[in-house]
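> Next one to model:
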Amino acid sequence: MRYVGWYSNRARGERAKKVLTQAGAALPVPGEGPATAFAARAKATWARLIRKVYEVDPLECPKCKGPMRVIALIEDPGIIRRILEHLGLWAPLPTERSPPVDPASWPPYVSLPLTYHPVPDIA
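Sure thing, here's the model as predicted:
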């Protein structure tokens, strides 16, 4: 389902901005931190839940235990491969199969003849 006109996300966002601007409320600036106390609590709760589930803080340096921050998100597979190859962590999946097994070494039930028993069509 697509919403256009009055009910679209863009139109609703513009109306909300207009109401906030008319009320004299400051609009949040991206990258400036949480706009409200609720947002700050939600961010802290999220971090606590991640630590609880994975039993490790992903933003804590494993060597010095100091805080870390995200500086980039890399999604390009080629660049990811180059980085992992440089670090010696690239382990490609094997592309070759093992040689076929001799039929004489197969279990005896594998070579049983198949029989066909016609089933009446009850329709």
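> use CA for all of it now, contacts and neighbours both
OK.
> What helix or strand is the residue nearest to Ile74 when sequence neighbours are not counted located in?
Leaving out its chain neighbours, the residue that sits closest to Ile74 by Cα to Cα, 6 or more residues apart in numbering is Ile80, at 7.0 Å. Secondary structure from DSSP states H and E places Ile80 in helix 77-87.
> pLDDT averaged over that helix - what is it?
Here the mean pLDDT over helix 77-87 is 91, rounded to a whole number.
> Show me the contact partners of it.
Contacts made with helix 77-87 from outside it, assessed by Cα atoms under 8 Å, 6 or more residues apart in numbering, are listed as 74, 90.
> List the buried residues in it.
For helix 77-87, burial by neighbour count (16 or more other Cα atoms under 10 Å) applies to no residue.
> what ranges do the helices span in the chain?
For the chain, the helices defined by DSSP state H cover 9-23, 37-54, 77-87.
> What I need now is the ones you listed written out in CSV, including distance to Gly66 for each item.
Compiled in CSV, the helices of the chain are given as follows (distance: least, Cα to Cα, whole Å):
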stretch, distance to Gly66
helix 9-23, 39
helix 37-54, 15
helix 77-87, 22
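> nearest to Pro108, of these?
helix 77-87 (45.7 Å; Cα to Cα).
> what about Ser98, how many neighbours?
Per other Cα atoms under 10 Å, the neighbour tally for Ser98 reads 5.
> I'd like to know which of the helices of the chain has the weakest mean confidence.
Among these, helix 37-54 carries the lowest mean pLDDT (a mean of 75).
> before we move on, the earlier item: I'd like the distance between the residue nearest to Ile74 and Leu87.
11 Å (Cα to Cα, to the nearest Å).
> what do you get for Pro120?
65 Å.
> same question, Tyr109
49 Å.
> go on, Asp57?
Separation of Asp57 from Leu87 (Cα to Cα): 23 Å.
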